[in-house]
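Engineer: With the input below, show me the fold.
(one chain, ligands or ions: 1)
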Amino acid sequence: MSTADVDQLDDGPLGRLALSRSGVDRATLRRGDTDWLARAWADPRTRVLVVRDAQALVATRDGQLELVLVPPDEAPAGTRFLLGVDDEDVAYFGVSAPADSTADSTAGGAAGGPAEHDARLMALRQVGALLSDRDAGLMTHAVALAYWHDSHTHCPQCGTPTVPAPAGHLTTCPADGSEHFPRLDPAVIMLVIDPDGRLMLARNATWPPGRMSVVAGFVEPGESAEHAVAREVYEETAIVVGQVRYLGSQPWPMPRSLMLGYQATAKGGQRIAVDDEEIGEARWFTRQELRAAIDAGELGIAPTSSIARRLIEYWYGAELPDGPAGWLNRGR
Ligand SMILES: [Zn+2]
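Structural biologist: Residues are numbered from 1 along each chain as shown. Here you go, the predicted structure:
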């Protein structure tokens, strides 16, 4: 493991977030080494994570959810990218395969032994918090790159189909030689706390009653993240915030967000006024009110893989139950 690995980092106020974990070195210096890449792909010890429609095959082994990884000769055709190398020098690749290629060809191959008869395609938001550090990191990385390759197939300058580099971390235009790198959309997501310590939760106008979360939005071009926090809170709830403090981040590649978590303190003497088009309702909760609403089945908060859930639990001071079943895997 290199000293630049995530394991060497101190956890911030939010602790280690589900999709911010890793168990392999990204091996960035190998990405330009075509001989090494060819040897790694030819090595039967190499493991490949196949991504279809942003999902990956997951199976239960000894009570633990695991990714189903296959050797290179069992991987389907598709765009290939290097994910990293582990402590035992095993290389990991991802392949973005067409959604209509049969999942059975992977599940029924060498990866589909008797212990993995329950293998099924699952999304990152469903399993991100349940996988090991290694598998959570591999799947987050692979889903992010698969989304990018699937949606950025042509040169933005001249429209010619681009060609992925051998490690899959950039594409090149054969007509004009321009290079194109994976895109990220930075988004801010924030605890908004009033002077009495209450937390604001809001319901998106498109969400069903009983589902609420913290306010979030994309950073606009030419804007700082802190400014985006203040702007989004005001746009959605007419609340003016003063202090804005950074808490932590995690990738959310559905399709390409980087979620930047903040705590913002509302100035006193204000009333919430929601923008009805985007926000259906917003209100302040004390810790006791939040817990009572969840326990009564009236309120559901975000899934455990999300930074929204971790932010709410950071404010609350402990883990919280899921609330009403059924909405956790809906939406983004
Ligand atoms: Zn071009």
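
Engineer: Okay, now the unreliable bits of the stretch 201-332 of the chain?
Structural biologist: The model of the stretch 201-332 of the chain has pLDDT under 70 over residues 324-332.

Engineer: And the residue of it that's closest to the ion?
Structural biologist: residue 256 (21.2 Å; Cβ to the ion). Quick note: C-beta positions are derived from backbone N, CA and C, even for glycine.

Engineer: looking at the sheet around the spatially most central residue of the chain, what are its partners?
Structural biologist: Residue closest to the mean C-alpha point of the chain, counted by Cα atoms, centre = their mean, is residue 252 at 2.3 Å. With DSSP bridges as the criterion, residue 252 is bridged to residue 257.

Engineer: pretty sure it contacts residue 306?
Structural biologist: Yes - assessed by Cβ atoms under 8 Å, residue 252 is found in contact with residue 306 at 7.4 Å.

Engineer: hang on, the earlier thing: so how far is residue 207 from the residue nearest to the centre of the chain?
Structural biologist: Distance of residue 252 to residue 207, computed by Cβ to Cβ, to the nearest Å: 17 Å.

Engineer: ok, back up a step: separation between the residue nearest to the centre of the chain and residue 50?
Structural biologist: 21 Å.

Engineer: can you check residue 292 too?
Structural biologist: 44 Å.

Engineer: Between these two, point out the one with more neighbours.
Structural biologist: Counted by other Cβ atoms under 10 Å, residue 292 and residue 50 do not tie: residue 50 has more neighbours, with 28 against 13.

Engineer: Tell me which other helices or strands whatever helix or strand that one lives in touches.
Structural biologist: Element membership for residue 50 (DSSP states H and E) is strand 47-52. On a contact count with 3 or more Cβ pairs under 8 Å, 6 or more residues apart in numbering; DSSP states H and E, strand 47-52 meets strand 55-61, strand 91-97, helix 133-151.

Engineer: can you give me the offset of that strand from its chain's centre?
Structural biologist: With Cα atoms, centre = their mean, to the nearest Å as the basis, strand 47-52 stands 17 Å off its chain's centre.
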